[in-house]
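**Q** Generate a structure from the sequence data that follows.
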Amino acid sequence: MSNDIKDIYSRNLDILSEIGNIGAGNATTALAQIIGNKVNMDVPQVRLLGFNELTEIVGGAENIVIGIMCRIEGDLTGMMMFMLEKAVAHHLIDIVMMGFDDGSEEEFSEMKLSALHELGNIIVGAYLNALAGLTGLKIVESIPHLCIDMAGAILSVPAIEFGKMGDEALLIESRFFEEDKTVSGYFILIPDVPSYDTILKSLHIGW
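**A** The predicted model follows:
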């Protein structure tokens, strides 16, 4: 199945990149509304990577990251994940909480974890809403699950579940600019093989 996904990706790179661009753009708009400030975005880098390559992109298997992931059902089946480095997550939450200091400089307090979970929920939802609007497909997302762990441990979850179908995921690497701060985030879309076909057929593209 792995070769099937690589073939689909290589022959439809522009379309899949545009899907990544639109989804990330919608998430950027949602982020700007949350923090109440203008946010710009670089054109996302869209790549098909193996799970082992993904860990290197996000700083290595032992790098502590924040992962917000949800299952996708409906017309598509798979998983969607949004990953942030720990320092970036702290920065975003500080903006959302307007500098409120609850004494948790290094670790995330319950209050900050709650805010981070809601932030991830909105961003992931905005991305999937854009995908649903573009394709006309029904996409049902589960309640997102937030975890703080080493990148290798977090990525092992989809790797184990979807590894039997293929070891690749669609990475949408996005850089957001809020005033003088740069925020990097990683959208990881992991549909099963039939879902790639469904997405392309919804856009009237055969593969």
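**Q** Show me what the helix or strand I154 falls within is packed up against.
**A** For I154, the enclosing helix or strand under DSSP states H and E is helix 151-162. Helices and strands touching helix 151-162, as assessed by 3 or more Cβ pairs under 8 Å, 6 or more residues apart in numbering; DSSP states H and E, comprise helix 51-57, strand 64-74, strand 78-85, strand 181-191. Bear in mind the C-beta positions are built from the backbone N, C-alpha and C, glycine included.
**Q** Sheet-wise, list the partners of the third one with their directions.
**A** This points to strand 78-85. Next to strand 78-85 in the sheet, as set by DSSP bridges, lie strand 64-74 (antiparallel), strand 181-191 (antiparallel).
**Q** Can you name the element that comes right after the helix or strand bottoming out on mean pLDDT in the chain?
**A** For the chain, using mean pLDDT, DSSP states H and E, the weakest element among its helices and strands is helix 2-11, scoring a mean of 60. Of the helices and strands lying after helix 2-11 in sequence (DSSP H and E), the nearest is helix 13-35.
**Q** Who are the packing partners of the next helix or strand after that following helix?
**A** Toward the C-terminal end, the helix or strand that comes next after helix 13-35 (DSSP H and E) is strand 40-41. Using 3+ Cβ pairs under 8 Å, 6+ apart as the contact criterion, the neighbours of strand 40-41 among helices and strands are helix 13-35, strand 168-178.
**Q** Can you give the strand pairings for strand 40-41, parallel or anti for each?
**A** According to DSSP bridges, strand 40-41 has the following sheet partners: strand 168-178 (antiparallel).
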